[in-house]
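1. Below is the sequence, then the predicted model.
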Amino acid sequence: MSIPKEGVKAPQFTLVSSSGKEVSLKDYAKKSRVVLYFYPKDDTPGCTVEACGFRDGIKKIEKQGAVVLGVSPDPVKTHNKFIEKFKLPFLLLADEEKTVCKAYGVWVKKSMYGREYMGVARTTFIIGKDGKIEKIYEKVKPAEHTQEVLEFLTANA
């Protein structure tokens, strides 16, 4: 599937979170904006930089009326180790079947060292209280990402 466009309704989902409870996008409807970020794998270099950036900026993000949800194909057990190790103050969602990754068009063919494989394209969606996609960040650079998300949230409060 291709990536949904800005301005359209975000694909609905329900996934098991690192808290052990199911989390649905509709849980946040009319309450808060959602910074939904897709990342390849827990506790890997780029993913750690990105997650820690969101951790360090969480107070400012929440001040803008948004919550952060991370999604990867890793299981809850791996998410919990990642959260514990880096003291991440937000939920990580386990998309082991990759249904949400596919619905958002981020489960793609990648290549490394000439070898092709399927994986998650690091992508972030900012979803408004109305459930529509306000902004999409593709080919995210982990070190700068939290700042660009914060700038968008602040400018479009």
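-> Looks like it came in fine.
2. Quick check, G7 in contact with K132.
-> Yes - with contact defined as Cβ atoms under 8 Å, G7 counts as touching K132 (6.1 Å). Any C-beta I mention is one placed from the backbone N, CA and C, and that applies to glycine too.
3. Please say which of these two ends up with more neighbours.
-> Using other Cβ atoms under 10 Å as the criterion, G7 and K132 rank with K132 on top: 13 against 9.
4. E6 versus that one, what's the distance?
-> 8 Å (Cβ to Cβ, to the nearest Å).
5. Now list whatever residues contact both of those two.
-> With contacts defined as Cβ atoms under 8 Å, 6 or more residues apart in numbering, no residue is shared by K132 and E6.
6. Now for A10: which residues touch it?
-> 4, 25, 34, 36, 104, 125, 127, 131-133.
7. just to confirm, which helix or strand has the spatially most central residue of the chain in it?
-> Residue closest to the average C-alpha location in the chain (Cα atoms, centre = their mean): Y37, at 1.4 Å. In this structure, Y37 sits in strand 33-38 according to DSSP states H and E.
8. May I have the predicted confidence score for the most far-flung residue of the chain relative to its centre?
-> Farthest-out residue of the chain from its mean C-alpha position, per Cα atoms, centre = their mean: G114, at 27.5 Å. Note for G114: predicted pLDDT of 86.
9. Ramachandran coordinates for it?
-> phi 80, psi 0 (degrees, to the nearest 10).
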